[in-house]
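Visitor: give me a 3D structure for the following:
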Amino acid sequence: MKPELEQSDTERMHAIRSGDTDAFEKLMEDFQRPILAFVYRMIGDSDEAQDLAQEVFVRAYRAIQAPRFQLKKAALSTWLFQVARNAAIDHLRKRTRKPFLSSELFPGQRDALPAGTPQPDEQMATNELQTRIEKALMQLPQDQRTALTLSVYHQQTHEQIAAVLRCSTKSVESRIYRARKKLAQWLL
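Guide: Numbers count the residues shown, from 1 in each chain. Have a look, this model is predicted:
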């Protein structure tokens, strides 16, 4: 049985198709950070991720405007992650392998330290661990990295991840298990 679309997703798509720019801006506002974070974790470069996240929304807008577009199997968020995954794959195919350079998703946010912020030595240890995790994540096969990223960082269900990856939920479970096992081996 196919999951039914939420009424808000259907209404949003119709509004965007009919030229409602506010509806598309709201879509971008709602999904900009999750898509940026996902793309970043897929390609490992914050500057390129920002450009690619914008490209994801351009692709999404063009797809929605296409005469044959139908959002029939999955929720809007799942479809957007599919668009983002495809854009990241295309990007990775085009570029030569670059070393991982940045451990920060949003540069400059660390400058303003809110109350309760860890001491600099604690922050440095946390940043080093985060960098090690991100480097290890980039070494995973793409299908495992995608499944793990969507599960851990975006709290997607196995069914939603299966829709993005176009595979079974058992395959998603297996990919996440293998990814976690590899990361544990590399990080311990």
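
Visitor: domain-wise, how is this structure divided?
Guide: Per automatic domain parsing, the structural domains of the chain span 1-96, 120-188.

Visitor: got JSON lines for those, with mean neighbour count and mean pLDDT too?
Guide: Where you see a C-beta, it was placed from the backbone N, CA and C, and this is true even at glycine. Putting the domains of the chain into JSON lines (neighbours: other C-beta atoms under 10 Å; pLDDT from 0 to 100) gives the following:
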{"stretch": "domain 1-96", "mean neighbour count": "16", "mean pLDDT": "84"}
{"stretch": "domain 120-188", "mean neighbour count": "16", "mean pLDDT": "85"}
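
Visitor: what about the helices in this structure?
Guide: 7-17, 21-43, 46-65, 76-94, 120-139, 142-152, 158-165, 169-187 (DSSP state H).

Visitor: who's in contact with the fourth one?
Guide: By C-beta atoms under 8 Å, 6 or more residues apart in numbering, the list of residues contacting helix 76-94 from outside reads 5-6, 9, 12-13, 27, 31, 34-35, 38-39, 42-43, 48, 52-53, 55-56, 59-60, 63, 71, 74, 142, 146, 150, 154, 156, 160, 163-165.

Visitor: look up how far residue 82 lies from residue 178.
Guide: 22 Å (C-beta to C-beta, to the nearest Å).

Visitor: typed the wrong thing, it's residue 169
Guide: 16 Å.

Visitor: and for residue 54?
Guide: 17 Å.

Visitor: what's near enough to touch residue 22?
Guide: Residue 22 touches nothing, counting by C-beta under 8 Å, 6+ apart.

Visitor: who touches the residue positioned nearest the centre of the chain in this structure?
Guide: Among the residues of the chain, the one closest to the centroid is residue 38, at 2.0 Å (C-alpha atoms, centre = their mean). Residues near residue 38 by C-beta under 8 Å, 6+ apart: 81, 84, 85, 88, 149, 150, 153, 154.
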